[in-house]
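> Build the 3D model from these lines:
(one chain, ligands or ions: 2)
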Amino acid sequence: MTLELQIATECLPLSEPLEIACGVLASIDVIVVTLRDARGHSGRGEAAGVDYAGESLVSMTAQLAAIAPKLHAETSAAELMQWLPAGGARNALDCALWDLRAKQSGQRAWTLAGFRTVLPVTTAYTIGLGKEADVRRKARAARHMPLIKIKADAIRHLDMVRFVKEEHPGARLVIDANQAWDRDLLEQLLPELYALGVELIEQPVRMGEDAQLDGLRSPIPLAADESCTDRSSLPDLLGRYQYINIKLDKCGGLSEGLALVKAAQELGFGLMVGCMGGSSLAMAPAFLVAQDCSYVDLDGPLLLAADRPEAMAYASAQLSPPEVALWG
Ligand SMILES: CC(C)C[C@H](N)C(=O)N[C@@H](CCOc1cc(O)cc2c1C(=O)N[C@@H]2C)C(=O)O
Ligand SMILES: [Mg+2]
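Ligands and ions are numbered 1, 2, ... in the order given. Prediction:
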């Protein structure tokens with residue numbers, strides 16, 4: 001007996017273009033994987049992939065098509081890890097498998113994952129780079145969001161924070177440089193970022209150049225995003241970063257995401273869960289990882305023009321568990 005694999009692609013338009021250090025996003029392209037068993041149960045998973053690692057809808061679709069003949073009724077997450085590398089294709093398939101196993105067993109995915117219960121989480125809300133007036137307007141419109149993630153590049157950094165802080169003085173602040181800084185610039189910015197109340201800095205330096213951070217005594221904790229894929233990344237991050245940003249697209253699915261939580265906790269890292277964008281179908285499995293994270297950045301659906309009909313409920317920044325009809 002086999003499992004039937006269906007692969008679809010979708011383009012999810014953002015409500016407004018979002019500028020980050022490496023480009024402007026107007027929409028998020030995703031693959032949606034559906035797995036069907038012989039008894040008519042089905043499970044779904046969605047992934048955007050990791051663009052800066054060379055992934056695209058075409059490459060992810062090709063990876064999935066190549067392993068489709070290997071799928072069988074008892075296919076396990078461990079087999080997926082042998083067949084596919086960490087990345088978006090494995091993420092979509094692994095999350096579809098979790099959903100399928102939940103539907104087959106009549107239990108919620110979080111019960112199968114060993115959680116006794118799941119609680120709502122508070123997500124960050126991202127404000128992209130842009131003209132002063134636009135940044136201020138977005139910050140004012142986000143006054144109901146308690147945690148703002150500010151995008152920065154090598155030129156626009158302190159001003160971005162000041163604009164947001166002036167318009168939304170009560171916000172807790174995270175800044176994400178998306179690899180645009182170097183050690184010198186980071187050291188130059190740290191005192192002012194600290195004075196402005198920024199509480200976390202995401203990926204200041206280029207991935208692979210993390211040794212620049214050796215010996216830095218930062219008053220603000222640093223989070224590895226692009227530099228952290230799966231468990232194999234952790235040894236190189238020790239002593240350089242205090243947090244890791246777990247994204248299911250980077251680590252290749254919920255199974256590795258949960259394993260990464262445990263491994264990182266054992267090494268003393270603080271935890272953040274993030275996303276490459278997407279609908280509630282991509283946020284739902286990440287919501288399980290969020291249960292153990294001090295920072296949650298699952299704002300993908302808040303940035304979209306429209307979410308799926310079975311969307312997860314966002315009460316301002318508070319994200320509730322997914323309904324069965326969506327996932328898990
Ligand atoms: C736009 C995201 C949904 C917002 C999220 N809070 C976030 O900041 N996530 C990432 C950045 C995601 O970057 C993406 C997403 C994507 O679909 C395509 C691309 C990128 C990117 O960096 N390059 C390509 C264009 C984060 O850095 O935490
Ligand atoms: Mg980031």
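
> Show me which residues of the stretch 51-200 of the chain sit near ligand 2.
residue 176 (CB under 5 Å from the ion). The way it works is simple: take the backbone N, C-alpha and C, and place the C-beta from them, glycine included.

> 8 Å - rerun?
176, 178 (CB under 8 Å from the ion).

> who's in contact with the residue most central in space within the chain?
Compute the mean C-alpha point of the chain, and by CA atoms, centre = their mean the closest residue is residue 275, 1.9 Å away. Applying CB atoms under 8 Å, 6 or more residues apart in numbering to residue 275 gives the contacts 48, 247-249, 282-283, 286, 297-300.

> can you narrow those residues to ones near ligand 1?
Contacts with ligand 1 within the contacts of residue 275, counted by CB under 6 Å from any ligand atom: 48, 297, 299-300.

> Could you find the closest non-adjacent residue to the residue nearest to the centre of the chain?
residue 300 (4.7 Å; CB to CB, 6 or more residues apart in numbering).

> I'd say residue 284 and residue 326 touch.
Yes - at 5.7 Å, residue 284 counts as touching residue 326 under the criterion of CB atoms under 8 Å.

> rewinding a little: ok, the ones next to ligand 1 among the contacts of residue 275 vs residue 145, which is closest?
Nearest to residue 145 out of these is residue 299 (CB to CB; 8.7 Å).

> Run through the residues that contact that closest one.
Contact analysis of residue 299 by CB under 8 Å, 6+ apart lists 123-126, 149, 275.

> Near residue 57, how many other residues are there?
When counting by other CB atoms under 10 Å, one arrives at 19 neighbours for residue 57.

> Relative to residue 306, how far out is the spatially closest residue to residue 6 that is not a sequence neighbour?
For residue 6, ignoring the flanking residues on the chain, the nearest one in space by CB to CB, 6+ apart is residue 34 at 4.3 Å. Relative to residue 306, residue 34 is positioned 20 Å away (CB to CB, to the nearest Å).

> Next: residue 56.
Residue 56 is 23 Å from residue 306, by CB to CB.

> Compare these two (neighbour count), which wins?
Under the criterion of other CB under 10 Å, the comparison of residue 56 against residue 306 puts residue 56 first, with 14 against 11.
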